[in-house]
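J.: Take a look and give me a structure for this.
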Amino acid sequence: MKKSAKKIREYKNKKKITALTAYDYSSAKYFERAGTDIILVGDSLAQVIMGYDNTFQIGMDEMRVFTSAVARGVKEALVVVDMPFLSYHCNVSDAMQNAGEFLKLGANAVKIEGASDYILEVVLRLTSNGIPVIGHLGFTPQYINTLGGHFVAGKDLDKTIFILEQAKKLQEAGAFAIVLEMVPAESARYITENLDIPTIGIGAGPYCDGQILVGEDILGRYEDFCPKFARQYANLKEDIYKAALAYCKDVESGAFPGKEESFCLSEEERTRLEDYKKH
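T.: Numbers count the residues shown, from 1 in each chain. Purely as a prediction, here's the structure:
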């Protein structure tokens, strides 16, 4: 049965929510098969797939392509899409249209960073019109130029309370869950315990209601940057390198393709070809 935003919200205090980012059909299919509750088409694809320097360099055109690919690979997990930079910042009407496009492509919800008065208005309008929203607080990558770098958020009591107040406002606006990124574990625990909706941590310790990581990080495919909180469960970059190296060597030596990888004429047609070559 297809998971819904309502079902994810009901997981709070009942089960840990599992979430991973995916950017292609096959990865999404395998992540879902493993039991992942949420598949996020993250704007992190800007870096790990497209090779950009940061997340705000990617736009709606790219996100449409990857969203439709992921959605085709998912049958049961909740597909969530990051609203890319400037896709919801200019006016509420554009935010509605862009979020609606993602749902038409097969997504089930969108994720939005921040909790300014304007963002709260966007969240309220989206959720009031049938578009489920996950909030995103703590370190917010789309604001990196304002923040001045990658910094842990909520490092003291006042900042922790501020994040909680933001989270409560998002909750009131209709968000069904909130991602907490790079928040001290104790702060994330306090925030989590004081919300009715689940928190999903990334670099926010073990006390959140769920966890999310970038798929390419757990697979060990992306080596340009590896955050402290990203545990690697495989080393595919090394496997990919070794496989490609072996392939190149086999091609150069003539070991590939072999008979088992080749198609052959029937004996009759082979004889005809040999006779033809003689003339």
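
J.: care to break the protein down by domain?
T.: For the chain, automatic domain parsing gives the domain ranges 5-234, 240-278.

J.: Of these, flag the one that's most buried.
T.: Sort the domains of the chain by mean neighbour count, taking mean count of other C-beta atoms under 10 Å, and domain 5-234 sits at the top with a mean of 19. Placement of C-beta: from N, CA and C, glycine included.

J.: distance between the ends of that one?
T.: 30 Å (C-alpha to C-alpha, to the nearest Å).

J.: can you give me the mean pLDDT across that domain?
T.: Mean pLDDT, domain 5-234: 95.

J.: starting at the chain centroid, how far to it?
T.: Centroid separation for domain 5-234 versus its chain: 7 Å, with C-alpha atoms, centre = their mean, to the nearest Å.

J.: Export only the CA atoms of the helix or strand where Leu245 lies, formatted as PDB.
T.: Element membership for Leu245 (DSSP states H and E) is helix 236-253. The C-alpha trace of helix 236-253 is given here as PDB (Å, rounded to 0.1, in the frame of the first residue of the first chain):
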ATOM      1  CA  LEU A 236      30.900   1.700  -4.700                       C
ATOM      2  CA  LYS A 237      33.300   4.300  -6.000                       C
ATOM      3  CA  GLU A 238      36.100   1.800  -5.600                       C
ATOM      4  CA  ASP A 239      34.000  -1.000  -7.100                       C
ATOM      5  CA  ILE A 240      33.000   1.200 -10.000                       C
ATOM      6  CA  TYR A 241      36.700   2.100 -10.600                       C
ATOM      7  CA  LYS A 242      37.800  -1.500 -10.500                       C
ATOM      8  CA  ALA A 243      35.000  -2.700 -12.800                       C
ATOM      9  CA  ALA A 244      35.800   0.000 -15.400                       C
ATOM     10  CA  LEU A 245      39.500  -0.700 -15.100                       C
ATOM     11  CA  ALA A 246      39.000  -4.400 -15.700                       C
ATOM     12  CA  TYR A 247      36.700  -3.700 -18.600                       C
ATOM     13  CA  CYS A 248      39.200  -1.400 -20.300                       C
ATOM     14  CA  LYS A 249      42.000  -4.000 -19.900                       C
ATOM     15  CA  ASP A 250      39.800  -6.700 -21.300                       C
ATOM     16  CA  VAL A 251      38.900  -4.600 -24.400                       C
ATOM     17  CA  GLU A 252      42.500  -3.600 -25.000                       C
ATOM     18  CA  SER A 253      43.700  -7.200 -24.700                       C
END
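
J.: helices or strands up against it?
T.: If contacts are counted by 3 or more C-beta pairs under 8 Å, 6 or more residues apart in numbering; DSSP states H and E, helix 236-253 sits against no helix or strand.

J.: moving C-terminal of it, what's the next helix or strand?
T.: Downstream of helix 236-253 (by DSSP H and E), the next one is helix 267-278.
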